[in-house]
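Novice: Sequence first, predicted model second:
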Amino acid sequence: MTRLFRPLLKGITYTRMLHLWVPMLVVSVWMFIDPSTPWVPALVLVPVGLIPAVRTGEGVQARLLLMPGAEDPFVSVHPSATWRDRLRTVLWLQTRMALGAATVFATVWLLVLAFELARISAGRVPDDVPVLRDASAHWSYAFLVPVPLLVLYGVVVGLGELVTAAARGLLGPSAAERMAALEERTEQLLERNRIARELHDSIGHALTVAVVQAGAARTAGDPAFTDRALEAIEETGRAALAELDRVLGVLRESERPVSGRPTLVDADRLLESARAAGAKVDAEFSGPLDTVPGPVSREGYRILQEALTNVLRHAAGMPAGVRVAVTGRVLVLEVRNALDGGASGSGRGSGLRGIRERAALLGGRARTGAAGGEWQVHVELPLR
């Protein structure tokens with residue numbers, strides 16, 4: 001019994017009733033103007049529903065009054081983009097008005113019926129209610145007073161559920177809107193993956209440099225070398241903090257531009273950092289790096305950073321070669337280092353996987369692995 005009357009304690013029951021009553025305000029005003037043509041408001045709703053912005057207003061009302069607090073109300077708040085959406089809006093307006101009229105009619109007459117039953121039980125028989133005109137005054141009619149109230153309760157709850165279902169069906173997102181939402185969700189997932197790669201590459205590189213420098217300083221036994229190592233650790237830590245702040249800024253501000261991200265023009269910083277950590281790096285640059293498109297140059301920088309990080313992790317004392325070349329319509333990135341007994345890894349790490357993912361997103365290709373006694377990272381990225 002408690003579960004049966006639980007909707008009486010929920011605010012959504014009354015907001016849905018209010019939503020059904022709102023169209024009747026327009027009808028009541030028109031009835032004062034010309035009660036002989038009650039169908040005019042329904043006719044006027046046809047051209048009104050064809051206005052694209054009306055669908056937005058109806059969607060907002062439905063979300064606030066029919067489904068307040070719902071995580072996924074499945075009701076669009078975008079203007080009508082197609083004629084199909086406009087016709088669905090017209091049908092929704094007609095449905096809402098019909099259900100609103102049924103709600104008002106049921107509310108008024110069932111309340112009147114309950115009131116008149118109470119009057120009959122008190123000894124007064126009404127002459128303006130046809131169904132009770134032949135009733136005789138008797139106290140037993142008091143037991144019938146709750147009946148119309150229970151019916152009213154069922155009507156209000158039932159029509160509230162019905163109008164909510166109609167809203168989901170007629171104001172729900174169109175196929176184009178669902179596709180746009182899916183694309184937006186995909187973009188968000190890609191952005192999250194990109195930020196994860198950014199953190200892995202930049203912070204991982206900084207930590208690798210710091211660990212290598214600290215280990216070298218501990219075993220060197222040379223105060224001068226230790227000072228240089230601490231200075232390199234400090235510079236690397238500052239750069240990592242700046243990079244972390246930038247990436248977190250992207251998370252906080254979705255519209256923040258990406259122009260502040262480093263590009264291949266800043267590749268000297270990577271080489272200096274790797275050399276300061278003890279790596280023997282021989283670099284070769286060819287072609288106009290400043291003409292490389294921004295997205296390609298930024299991703300190329302991250303690929304080069306991850307490749308040098310792997311050199312520091314797995315072959316810190318081995319000579320390494322870096323080649324960056326802009327040839328025609330392709331950017332070529334290549335990092336090689338001599339193998340030291342297979343310490344360069346299996347090629348299945350998250351960093352190498354990130355290199356391949358970055359290349360694939362730009363329509364390029366990446367090859368990593370041992371070849372000719374060397375560990376190679378070879379990446380080709382199209383410039384267009």
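Specialist: Arrived safely, thanks for sending. None of the values given here were measured: they were computed from a predicted structure. Numbers count the residues shown, from 1 in each chain.

Novice: pLDDT wise, what is Arg246 at?
Specialist: Turning to Arg246, the model gives it a pLDDT of 67.

Novice: Equivalent analysis for the one 10 residues further on, please.
Specialist: For Arg256, the model assigns a pLDDT of 47.

Novice: likewise Leu50?
Specialist: At Leu50, the predicted lDDT confidence score is 92.

Novice: nearest spatial neighbour of it, skipping sequence neighbours?
Specialist: Arg86 (4.8 Å; C-beta to C-beta, 6 or more residues apart in numbering). Just so you know, the C-beta spots here come from the backbone N, C-alpha and C atoms, and that holds for glycine as well.

Novice: The one you found sits in which helix or strand?
Specialist: helix 83-121 (DSSP states H and E).

Novice: Could you identify the helix or strand that succeeds that helix?
Specialist: helix 146-170.

Novice: gap between that next one and the chain center?
Specialist: Relative to its chain's centre, helix 146-170 lies at 33 Å (C-alpha atoms, centre = their mean, to the nearest Å).

Novice: Okay, buried residues for that helix please.
Specialist: Neighbour-count burial for helix 146-170, counted by 16 or more other C-beta atoms under 10 Å, picks out 148, 152-153, 155-157, 159-160, 163-164, 166-167, 170.

Novice: Put together a markdown table for the residues you listed, with pLDDT and distance to Leu93 on each row.
Specialist: Shown next, in a markdown table, are the buried residues of helix 146-170 (pLDDT from 0 to 100; distance: C-beta to C-beta, whole Å):
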| residue | pLDDT | distance to Leu93 |
| --- | --- | --- |
| Pro148 | 89 | 30 |
| Leu152 | 91 | 25 |
| Tyr153 | 91 | 27 |
| Val155 | 91 | 21 |
| Val156 | 90 | 21 |
| Val157 | 91 | 23 |
| Leu159 | 92 | 16 |
| Gly160 | 91 | 18 |
| Val163 | 93 | 12 |
| Thr164 | 92 | 16 |
| Ala166 | 92 | 11 |
| Ala167 | 91 | 11 |
| Leu170 | 90 | 9 |
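
Novice: re the thing from before, residues contacting the residue nearest to Leu50?
Specialist: With contact taken as C-beta atoms under 8 Å, 6 or more residues apart in numbering, Arg86 is in contact with 49-50, 52, 55, 80.

Novice: The residues you listed, buried ones only, as a PyMOL selection?
Specialist: PyMOL command restricting the contacts of Arg86 to the buried ones, with burial defined by 16+ other C-beta under 10 Å:
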select buried, resi 49+55+80
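
Novice: In helices, which of the contacts of Arg86 fall?
Specialist: 49, 52, 55 (DSSP state H).

Novice: could those residues go into a markdown table alongside distance to Thr13?
Specialist: Shown next, in a markdown table, are the ones in helices among the contacts of Arg86 (distance: C-beta to C-beta, whole Å):
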| residue | distance to Thr13 |
| --- | --- |
| Gly49 | 27 |
| Pro52 | 32 |
| Arg55 | 26 |
